[in-house]
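Asker: Sequence first, then the predicted structure:
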Amino acid sequence: MLKLELRPQASAYWRYASPVLALLITVALGIGLFVLLGKDPVRGLQMFFWEPLKSTYALGELMVKATPLLIIALGLAVCFRSNVWNIGAEGQFVIGAVAAGGVALLADKETGRWIVVAVVLAGVAGGMFWAAITAWLRDKFHANEILVSLMLVYVADMVLGYLVYGPWKDPAGYNFPQSKTFESVTQIPRLMSGSRVSVGLLLALVGVAAVWVFLFRTRSGFAQQVGGLAPSAARYAGFSSRKALWLALLTSGGAAGLAGALEVAGPIGQLTPYIPSGYGFAAIIVAFVGRLHPVGIIFSAVLMSMFYIGGELAQSRMGLPKSITGVFQGLLLFSLLACDTLVAYRLRWQSGRV
């Protein structure tokens with residue numbers, strides 16, 4: 001029978017090359033999927049890998065999708081490197097959007113442009129607050145952060161639903177569950193006319209540099225990583241596990257909340273029940289495909305954005321179901337897990353006789 005045997009030393013080359021191999025496997029499986037569905041595989045791949053890149057406008061839309069994924073994944077990278085498993089970034093994204101939307105709804109025709117800063121900061125604070133619930137329960141009661149953060153996603157969705165179906169519902173909105181459209185002064189500034197790309201992209205790129213410096217050039221970042229790799233060594237060195245927990249979750253929650261604020265005060269422009277878009281869950285894949293490295297996360301965020309846009313195009317132009325986006329995301333994740341397993345382990349044939 002076949003048995004997995006731990007390799008004496010994992011290949012440094014394949015550690016970074018395995019995401020590329022996982023992408024190639026995903027493409028191969030995608031071709032098979034299109035054939036099984038009776039669709040042209042060349043046209044299907046074109047939807048995912050060419051259409052999002054073929055024009056300036058398409059590239060702009062790609063950046064619109066990539067921005068929240070990049071921001072959220074950067075925060076998750078800090079968490080996962082610290083061995084803190086925040087699976088609830090989607091809920092922190094939603095609460096960040098709710099908090100930002102609440103501030104945006106306070107604006108009127110006389111409000112100054114300064115309120116954009118307040119909207120963004122409210123989003124960050126909302127995400128940090130939602131992540132702090134997980135941190136507090138883990139710190140005080142040793143609750144499992146995976147379960148707590150995940151369950152809080154559904155609570156966040158219910159909070160959003162209560163507001164848009166209740167007190168924040170637009171009285172002039174023909175009974176649709178949505179808030180009124182935010183005033184133009186609350187809108188995140190755009191980088192160029194004719195494109196929906198906002199200054200959020202610049203904030204994301206600044207975040208890449210900030211996370212890189214934090215993780216690889218500061219004592220606190222070193223302490224976070226040591227705590228994740230070797231908790232006993234971290235305690236011996238005097239690094240606080242409580243501080244690492246709170247720092248990781250607050251950073252991750254703040255990043256997710258920032259993404260929610262940029263989304264609701266940017267492309268969406270109001271609160272609706274459809275703000276939960278799966279970015280928080282997709283960013284987990286983005287973080288791991290990017291090897292939890294800020295630079296690698298840039299490329300994986302762009303790739304995941306191509307999956308989002310490609311899925312939408314395949315739905316409208318090829319008659320494929322909306323779930324095709326999630327299928328490609330899942331194929332990439334499982335391909336990466338399989339590749340990483342074979343990087344760390346090798347298959348050995350073992351006789352069944354004793």
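Answerer: Happy to help now that I have it.
Asker: For I268, which residues are in contact?
Answerer: I275 (Cβ atoms under 8 Å, 6 or more residues apart in numbering). Heads up, the C-betas are built off the backbone N, CA and C, glycines and all.
Asker: per-residue confidence at it?
Answerer: pLDDT recorded at I268 is 91.
Asker: got it, and the one 10 residues further on?
Answerer: Model confidence at G278, expressed as pLDDT, equals 91.
Asker: Quick check, it in contact with A89.
Answerer: No: contact criterion Cβ atoms under 8 Å: G278 and A89 do not qualify, at 10.6 Å.
Asker: higher neighbour count, these two?
Answerer: More neighbours surround A89 than the other of G278 and A89, with 33 against 14 (other Cβ atoms under 10 Å).
Asker: how about the nearest residue to the more buried one, chain neighbours excluded?
Answerer: G280 (3.6 Å; Cβ to Cβ, 6 or more residues apart in numbering).
Asker: quick one: contacts for the one you found?
Answerer: 72, 88-93, 153, 256.
Asker: quick one: contacts for the spatially most central residue of the chain?
Answerer: Centroid-nearest residue in the chain, with Cα atoms, centre = their mean: A283, separated by 2.4 Å. Contacts for A283 (Cβ under 8 Å, 6+ apart) come out as 68-69, 72-73, 76, 89, 256.
Asker: Select from these every entry located in strands.
Answerer: With DSSP state E as the criterion, strands contain none of the contacts of A283.
Asker: Widest-spaced pair of these?
Answerer: Greatest spatial distance in those: P68 and L76, 12.2 Å, computed using Cβ to Cβ.
Asker: which residue ranges form the strands in the protein?
Answerer: Per DSSP E, the chain carries strands over the ranges 2-6, 345-349.
Asker: can you list the weak-confidence ranges in the stretch 151-300 of the chain?
Answerer: By pLDDT under 70, the stretch 151-300 of the chain has no low-scoring segment.
Asker: For it, which segments count as helices?
Answerer: Using DSSP state H, counting those that start in this stretch, the helices of the stretch 151-300 of the chain run over 200-217, 219-229, 231-236, 241-263, 279-289, 294-318.
Asker: From the chain's centroid, how far away is the third one?
Answerer: So the one you mean is helix 231-236. 30 Å (Cα atoms, centre = their mean, to the nearest Å).
Asker: Of all the residues in that helix, which ones are buried?
Answerer: A234 (16 or more other Cβ atoms under 10 Å).
Asker: and the contacts of G280, which two are the farthest apart?
Answerer: Using Cβ to Cβ, the pair of the contacts of G280 lying farthest apart is I72 and V153, separated by 12.9 Å.
Asker: more neighbours, the two?
Answerer: Taking neighbours as other Cβ under 10 Å, I72 and V153 compare with I72 leading, 34 against 22.
Asker: doesn't Y279 make contact with that one?
Answerer: Yes: using Cβ under 8 Å, I72 is in contact with Y279, at 6.0 Å.
Asker: what sits in contact with each of these two?
Answerer: 89, 93, 259.
Asker: Out of the residues you listed, the closest to S55 would be?
Answerer: When those are compared against S55 (criterion: Cβ to Cβ), the nearest one is A259, at 25.4 Å.
Asker: Can you give me the distance of that closest one to F34?
Answerer: 31 Å (Cβ to Cβ, to the nearest Å).
Asker: Between the two, which is the more surrounded one?
Answerer: More crowded of A259 and F34, by other Cβ under 10 Å: A259, with 33 against 21.
Asker: check contacts around the closest residue to the more buried one other than its chain neighbours.
Answerer: Using Cβ to Cβ, 6+ apart and skipping the chain neighbours, the partner closest in space to A259 is P68 (3.9 Å). By Cβ under 8 Å, 6+ apart, the residues touching P68 are 93, 200, 259-260, 262-263, 279, 283.
Asker: The helices of the stretch 151-300 of the chain: which one's closest to A172?
Answerer: Closest among the helices of the stretch 151-300 of the chain, once you apply Cβ to Cβ, is helix 241-263, at 23.4 Å.
Asker: which of the residues in the closest one are buried?
Answerer: For helix 241-263, by 16+ other Cβ under 10 Å, it's 241, 244-263.
Asker: now do stretch 126-144
Answerer: Going by 16+ other Cβ under 10 Å, stretch 126-144 has these buried residues: 126-135, 137-139.
Asker: G112 and T251, how far apart?
Answerer: Noted for G112: a distance of 30 Å to T251, by Cβ to Cβ.
Asker: go on, T111?
Answerer: Distance from T111 to T251, by Cβ to Cβ: 30 Å.
Asker: got the contacts of G280 as TSV, with distance to N144 columns?
Answerer: Output for the contacts of G280, formatted as TSV (distance: Cβ to Cβ, whole Å):
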residue	distance to N144
I72	21
G88	12
A89	16
E90	17
G91	16
Q92	17
F93	21
V153	15
A256	19
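Asker: just checking, D108 touches E183?
Answerer: Yes: using Cβ under 8 Å, D108 is in contact with E183, at 6.6 Å.
Asker: So which of those two has more stuff around it?
Answerer: E183 (17 against 9).
Asker: which residues touch that one?
Answerer: Listed by Cβ under 8 Å, 6+ apart, the contact partners of E183 are 104, 107-109, 111.
Asker: any idea how far it lies from V120?
Answerer: Taken as Cβ to Cβ, the span from E183 to V120 is 15 Å.
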